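A.B. asks: quick check, what structure comes out for this input:
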Amino acid sequence: MADRKKVAFIMLYNILEGAGNENWLLNLLSDTNFASKYDITVYQPDLYLTKRLDEETVDRILKTVNVVTYHDYIHKIDFLNSNKIARLFSESLLKPIFLRVLSATLMRKVSRNISSNDVVYLFSNEYQGLIRKGPQLVIGTTHNWSPGWTNIFGKIRLKLIEDGIIMSKIDAFNFFSISSQRKMDCKRFRTEIIPICRNSKSFIPRDSDKNAIIFTFVGRLVQCKGVMEVLSAWKRSGIGQYAELHIVGSGPMLREITANEEINIFVHGSVATDELKRILSVSDYFLFPTKCDVFPNVVIEAAMSGNYVFCSKFLEGEFDDLREKNILEYIEPSEDGVAIALTKAMKRGKISQSEKMYFHSYVASNYDISILDRKLTAFIESNTTSAR
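C.D. replies: Residues are numbered from 1 along each chain as shown. Next up, the predicted model:
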């Protein structure tokens, strides 16, 4: 039997963070047979911002793969990202230099081990600085970066990537949508479009025993996610006597949000995965006026669970197929934008079970985890030779 190829995943945060990136990987490893095809190593820092997962769950899923946990040095220079100019300077010059120094000193062993793999998949593209010569294929991604961020600093950074001035060790890019791919000159890279996918058997619409129209927001409770715009629009609309708003997530604004005394607002905080599935399964509408996401897992989870989605125009182009199928519409990520969405939803009323199943059927056919497994495997095989 031929040796299996070695595939490394380099995480931005510890798996216990349990947010979008971490769940993407855990779903791939637990809900498909991807792990049986390759020798997989997950490289993760010991840092997490919010611990959403327990060690037992993570250990059970990762028991068939290698896990290397290293002390986090890299995030210690995040203070340099204090504004857009400083961030461009940091990510284009200071962080690459810092990573190169780490790879030759404190993280020398980790760097050497990463470089011994056939394929390296990056959750944060700057981490290519830890790679020495060796891998057949280094895959950059749009997990934490999008070429669609079109302010002047984003355009400068994109040009530096396209010309190979920064991130020169990346051979290929995985885009989550055609829209993202079209925003980048890909002549220097091999590319593939592999959307965020979820296990469609886990997100099933269910009948609610309530007459109230149910709205849901899920996300880290920080300003850029738009949760305060949701709360302000809810208060302004005065629909609390006819509807419920469920807020799921943790973060620095949790205490402020929990103190809100508006009628029929339920703040759940951080919840277990099964509880999140339950909340989404009986919800009618999903509100997501974010200004800081790329291709959020939770939009797919909500639509797969039978929610009609009001999604920020910040993400326009990423979910156009859902818009064409009347499952999603884009809104302004503002209090006014959310207020308009609430008014539309109240006029439409509760989403019927037949509509919910239509939403689920389409999303399951196009975003099931089996599609991620199939496409990622094909991309790896078409761009590598035999195992070294």
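
A.B. asks: so residue 196: helix, strand or coil?
C.D. replies: In three-state terms, and counting by DSSP: H, G, I helix; E, B strand; the rest coil, residue 196 is coil.

A.B. asks: for residue 63, see how far away it is.
C.D. replies: Distance of residue 196 to residue 63, computed by C-beta to C-beta, to the nearest Å: 24 Å. From N, CA and C alone the C-beta is placed, and that goes for glycine too.

A.B. asks: tell me which of these two has more neighbours.
C.D. replies: Neighbour count, other C-beta atoms under 10 Å: between residue 196 and residue 63, residue 196 has more, with 25 against 10.

A.B. asks: the more buried one against residue 24, yeah?
C.D. replies: Yes - here residue 196 lies in contact with residue 24, judged by C-beta atoms under 8 Å, at a distance of 6.4 Å.

A.B. asks: which parts of the stretch 151-300 of the chain are helices?
C.D. replies: 152-162, 178-182, 227-237, 254-258, 273-282, 297-304 (DSSP state H, counting those that start in this stretch).

A.B. asks: would you tell me which one of the ones you listed is buried the most?
C.D. replies: With neighbours defined as mean count of other C-beta atoms under 10 Å, the helices of the stretch 151-300 of the chain peak in mean count at helix 297-304, which reaches a mean of 26.

A.B. asks: packing partners for the next helix-or-strand element following that one?
C.D. replies: Downstream of helix 297-304, the first helix or strand assigned by DSSP states H and E is strand 308-312. Packed against strand 308-312 by the contact rule (3 or more C-beta pairs under 8 Å, 6 or more residues apart in numbering; DSSP states H and E) you find strand 285-288, helix 297-304, strand 328-331, helix 335-348.

A.B. asks: who's in contact with strand 308-312?
C.D. replies: 226, 284-291, 293, 299, 302-303, 319, 322, 327-333, 338, 341, 345, 348, 351, 355, 359 (C-beta atoms under 8 Å, 6 or more residues apart in numbering).

A.B. asks: at 6 Å instead, please
C.D. replies: 285-290, 299, 302-303, 328, 330-331, 333, 341, 351 (C-beta atoms under 6 Å, 6 or more residues apart in numbering).

A.B. asks: likewise stretch 70-85?
C.D. replies: Residues from elsewhere that reach stretch 70-85 (C-beta under 6 Å, 6+ apart): 45, 46, 47, 86, 87, 90, 98, 102, 110, 153.

A.B. asks: can you list the buried residues in it?
C.D. replies: Going by neighbour count (16 or more other C-beta atoms under 10 Å), the buried part of stretch 70-85 is 70, 73, 74.

A.B. asks: mark which of the residues you listed are part of strands, please.
C.D. replies: Under the assignment DSSP state E, these contribute residue 70 to strands.

A.B. asks: returning to what we had before: out of the helices of the stretch 151-300 of the chain, which gets nearest to residue 315?
C.D. replies: helix 297-304 (7.7 Å; C-beta to C-beta).

A.B. asks: so which elements touch that closest one?
C.D. replies: strand 308-312, helix 353-367 (3 or more C-beta pairs under 6 Å, 6 or more residues apart in numbering; DSSP states H and E).

A.B. asks: out of these, flag the one nearest residue 117.
C.D. replies: Taking C-beta to C-beta, helix 353-367 is the member of the helices and strands packed on helix 297-304 nearest to residue 117, at 27.9 Å.

A.B. asks: after that closest one comes which helix or strand?
C.D. replies: For helix 353-367, the following helix or strand on the C-terminal side (DSSP H and E) is helix 369-382.

A.B. asks: that next one vs helix 353-367, what angle?
C.D. replies: Angle, helix 369-382 to helix 353-367, by axes from the mean of the first three to the mean of the last three C-alpha atoms, to 10 degrees: 10 degrees.

A.B. asks: can you start the count at 447 instead of 1 from here on
C.D. replies: With the count now opening at 447, the last piece we talked about shows up as helix 815-828.

A.B. asks: what's helix 815-828 in contact with?
C.D. replies: 473, 477, 478, 480, 565, 638, 640, 643, 645.

A.B. asks: tell me the SS of the closest residue to residue 484 other than its chain neighbours?
C.D. replies: Of all residues not flanking residue 484 in the chain, residue 453 sits nearest, at 4.4 Å (C-beta to C-beta, 6 or more residues apart in numbering). Using three-state DSSP, the structure places residue 453 in strand.

A.B. asks: ok now the helix-or-strand element of the chain with minimal mean pLDDT, how far from the chain's centre?
C.D. replies: In the chain, the helix or strand scored least confidently by mean pLDDT, DSSP states H and E is helix 530-535, which has a mean of 79. Taking C-alpha atoms, centre = their mean, to the nearest Å, one finds helix 530-535 lying 23 Å from the centre of the chain it belongs to.

A.B. asks: write the ChimeraX selection for whichever of the contacts of stretch 516-531 are buried.
C.D. replies: One line in ChimeraX is enough to select the buried ones among those; burial here means 16+ other C-beta under 10 Å:
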select :491,493,533,536,544,548,556,599
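
A.B. asks: which one of the contacts of stretch 516-531 is nearest to residue 704?
C.D. replies: Using C-beta to C-beta, residue 493 comes nearest to residue 704 of those, at 25.8 Å.

A.B. asks: that's a strand at the closest one, yeah?
C.D. replies: No - the assignment for residue 493 (three-state DSSP) gives coil, which keeps it out of a strand.
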